[in-house]
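A.B. asks: Below is the sequence, then the predicted model.
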Amino acid sequence: MTKKDAGDKKYYRVLNILNRLNEGPVRVAELSEEFGVSERSIQRDLERINMTGFRLDTPQKGVYTFAAGVSLTNFDLTSEQLSVLVLMREMAAGLGGAIKDAFDAVFARATSAGAGDSHFYALGPRALNPLTRRFYEDIAFAIEHRKKLKVSYAGADGALRERVLRPVKILTSESFFYMMASADGGDPEKFAKYRVDRVKKLEILPEEFTPPSPEAVKKLIGPATTIWGVNAGAPVKVELRASGAAADFLRSKELLPRQKVSRPAADGSVTVKAVIHHPMEVVPLVLHWMPEIKVMSPSSISEEVSVRIKAYLKTG
């Protein structure tokens, strides 16, 4: 087993245990049997959770619960984000010193302080269609055990269609979750992205499949910064000119794949270069920051922006 595989399984277990603790007591022996690992491995997972700040009680030997007042609903983070914090805390503890102290401070802010108390507050849309625990566990299990999935999927037109899929990855972008999978009976090297909130039914099938190599999956995802750029078309070089707040924003945040930002000109404007695989990797950014951002090249992106503006004005 590679370190990457072991890390993925550890992440999945911690996420699962966090969810179950949120519902009630968990038993080490039962978790050990379910996940096919030693009881000591489960105890280490529980120790990770406990030392991160989710205090645990042991009402009896081999049984753990959240301590009084502790629950995932107390924190303004998803259980997936919290499980990542648990594993990050373990890595930070191993490094020790200032890194450990810094992480402890960040974790305290993220999980303990309310919006009124914290110096930080996340603004933005909340997911209205979160990935359900049931579908997450089923998809994660199918990926880990190379099982095919039979799904009833609602397309963009709303029509339900049944598909048998070979899942290889769960992706998240803009508060939506996606399953990257190839269709059974089709090209095993051709993958599509399925929005999980459009999956209405899901069944794990007994048939197994041979997944692509981790290197192949990594290549499919590539340097994409949004779901649009995953497994998309040929690379296209783009160049933008940004000024004002748009320039400040693009200098401080990497939003485009392979993004390179020039030094500010005398007027504060910057040139932004990137390599995209789908127009929608950059079009929403341009629409959001107009008129402080302009597409210098290619003309196809400028035309796409113009078409969308005209369509909006026509319906207004």
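C.D. replies: Nice, thanks for sending it over. Please read these numbers as outputs of a predicted model, since none were measured by experiment.

A.B. asks: what bits of the stretch 151-300 of the chain have low per-residue confidence?
C.D. replies: For the stretch 151-300 of the chain, the stretches with pLDDT under 70 are 174-175.

A.B. asks: give me that answer again for 80
C.D. replies: By pLDDT under 80, the weakly predicted segments of the stretch 151-300 of the chain are 172-176, 222-223.

A.B. asks: Strands of that one, start to end?
C.D. replies: With strands called from DSSP state E, counting those that start in this stretch, the stretch 151-300 of the chain shows them at 160-173, 176-183, 192-195, 199-208, 236-242, 260-261, 270-276, 293-297.

A.B. asks: Would you mark the buried spots in the longest one?
C.D. replies: Meaning strand 160-173. Across strand 160-173, burial judged by 16 or more other CB atoms under 10 Å covers Arg163, Val164, Leu165, Arg166, Pro167, Val168, Lys169, Ile170, Leu171, Ser173. In this view, the C-beta of every residue, glycine as well, is placed from N, C-alpha and C.

A.B. asks: Those residues: which two are farthest apart?
C.D. replies: Val164 and Ser173 (24.7 Å; CB to CB).

A.B. asks: List the residues that contact Asp305.
C.D. replies: For residue 305 the amino acid is Val, not Asp. Val283, Val286, Leu287, Val295 (CB atoms under 8 Å, 6 or more residues apart in numbering).

A.B. asks: The same query, at a cut-off of 6 Å, please.
C.D. replies: With contact set as CB atoms under 6 Å, 6 or more residues apart in numbering, Val305 has these partners: Val283, Val286.

A.B. asks: Could you pull up phi and psi at it?
C.D. replies: For Val305, the backbone dihedrals (degrees, to the nearest 10) come out as phi -60, psi -40.

A.B. asks: Distance check, it against Arg13.
C.D. replies: 45 Å (CB to CB, to the nearest Å).

A.B. asks: repeat for Val168
C.D. replies: 20 Å.

A.B. asks: before we move on, back to that, as JSON lines, the strands of the stretch 151-300 of the chain with distance to Leu56 would be great.
C.D. replies: As requested, the strands of the stretch 151-300 of the chain are exported to JSON lines (distance: least, CB to CB, whole Å):
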{"stretch": "strand 160-173", "distance to Leu56": "27"}
{"stretch": "strand 176-183", "distance to Leu56": "28"}
{"stretch": "strand 192-195", "distance to Leu56": "35"}
{"stretch": "strand 199-208", "distance to Leu56": "31"}
{"stretch": "strand 236-242", "distance to Leu56": "49"}
{"stretch": "strand 260-261", "distance to Leu56": "46"}
{"stretch": "strand 270-276", "distance to Leu56": "45"}
{"stretch": "strand 293-297", "distance to Leu56": "49"}
